[in-house]
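Visitor: Structure for the following, please:
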Amino acid sequence: MKDASGLTYADLAARTVALGNPKGAATLSQAAAGHRLPRLSTAEAFARAAADPGDSNAQRQAVQKISDLWRAAAIGRAALLASEPAPAAEKYQPRRTLEKLALGLRKMRARAGQPTLRTLQDLSEAAGHQVAKSTLHLVLAGRALPTREQLAALLTAFDAAAGPGRSAVRSRRQWMALRDAVESRTRPAPPTRVTGYGCLDGALDEVLERRERKEEILRKVGKLAEDEDRDDYEQGEYRLGATTSRAPWEYMDDDELAAMEEEAWDAARTQQGGRDLLAKLRSQTAGS
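Guide: Presented below is the predicted three-dimensional model:
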């Protein structure tokens, strides 16, 4: 197209500015070098600038031609990924993994014509839930798990990018189920709630239950105020080994706990040193 136009890259860059989609001369030169696939917007701007500036029909045809070539090149680059066999070690690993989900999404993107992240972002927004380009990059790389809303919008975007009459997604329900399975496998287990006092034989539980019933009876007959002897009661539970109140060290942060532990070690070392000195003196006294 450049040779047919007879223009330099600087001239083409000036035309892109006039046509409202400015591209630099270096960008246009790299696009035509063939070392890597340029952005679709760059290729379309190149084609529009190289066409007859006074013929809108010629510009439209040039853009359509370059768009078809760009899609074919993108599919060719992604063909290896789309036909990539599962690794031999996968049969020994859990089937429902984040990597498997990401690989499936990359294959669907390839079947859709390898749309750009910007295109997928716009199509997902049209589907009702925009997925940002940065999020798309992480999801397709297998470094982030999409939400249900993000995945649903992304699958819709793949089908929209594939064009009318084509489908890049073969089973939406299957991919949603895979996503849910990955989330359930990676979600941390809920903390175990302890309802008793930790006694294996239940003796302490029985003692405290009888004490609570007695306290309730005394309160009903007016012999025990609502807050009477509450502090003594809780301290009694601590003496019995119950944990209905927080211990003093539970209010400390990490630095305070470290200082408390260091003081305990110093006290232990001092006590041990005193014992060693006392034993030494006794041995000397016995020897004399």
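Visitor: Tell me which residues touch Pro115, please.
Guide: Going by CB atoms under 8 Å, 6 or more residues apart in numbering, Pro115 touches 109, 123, 157-158, 161. Just so you know, the C-beta spots here come from the backbone N, C-alpha and C atoms, and that holds for glycine as well.
Visitor: What residues of stretch 39-54 count as buried?
Guide: Across stretch 39-54, burial judged by 16 or more other CB atoms under 10 Å covers 40, 42-51.
Visitor: before we move on, the earlier item: turn the contacts of Pro115 into JSON lines, including neighbour count and distance to Leu208.
Guide: Shown next, in JSON lines, are the contacts of Pro115 (neighbours: other CB atoms under 10 Å; distance: CB to CB, whole Å):
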{"residue": "Arg109", "neighbour count": "26", "distance to Leu208": "62"}
{"residue": "Leu123", "neighbour count": "21", "distance to Leu208": "63"}
{"residue": "Ala157", "neighbour count": "29", "distance to Leu208": "60"}
{"residue": "Phe158", "neighbour count": "23", "distance to Leu208": "61"}
{"residue": "Ala161", "neighbour count": "22", "distance to Leu208": "66"}
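Visitor: ok so, going back, in the buried residues of stretch 39-54, which has the lowest confidence score?
Guide: Least confident by pLDDT among the buried residues of stretch 39-54: that is Leu40, with 87.
Visitor: Quick check: that one vs Thr8, distance?
Guide: To Thr8, Leu40 is 23 Å away according to CB to CB, to the nearest Å.
Visitor: likewise Ala32?
Guide: 12 Å.
Visitor: Could you count how many residues lie near the closest residue to Glu99 other than its chain neighbours?
Guide: Distances taken as CB to CB, 6 or more residues apart in numbering place Gly142 nearest to Glu99, at 4.8 Å, with adjacent residues excluded. Residues lying near Gly142 (other CB atoms under 10 Å) number 16.
Visitor: related to what we said a few turns ago, tell me the one among the contacts of Pro115 nearest to Arg275.
Guide: For the contacts of Pro115, the minimum distance to Arg275 (CB to CB) is 73.1 Å, reached by Arg109.
Visitor: Please, which helix or strand holds that closest one?
Guide: helix 98-111 (DSSP states H and E).
Visitor: re earlier: go through the contacts of Pro115 and flag which are in helices.
Guide: Counting by DSSP state H, those place 109, 123, 157-158, 161 in helices.
Visitor: Would you mind giving those as CSV with pLDDT added?
Guide: Output for the ones in helices among the contacts of Pro115, formatted as CSV (pLDDT from 0 to 100):
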residue, pLDDT
Arg109, 89
Leu123, 91
Ala157, 91
Phe158, 91
Ala161, 88
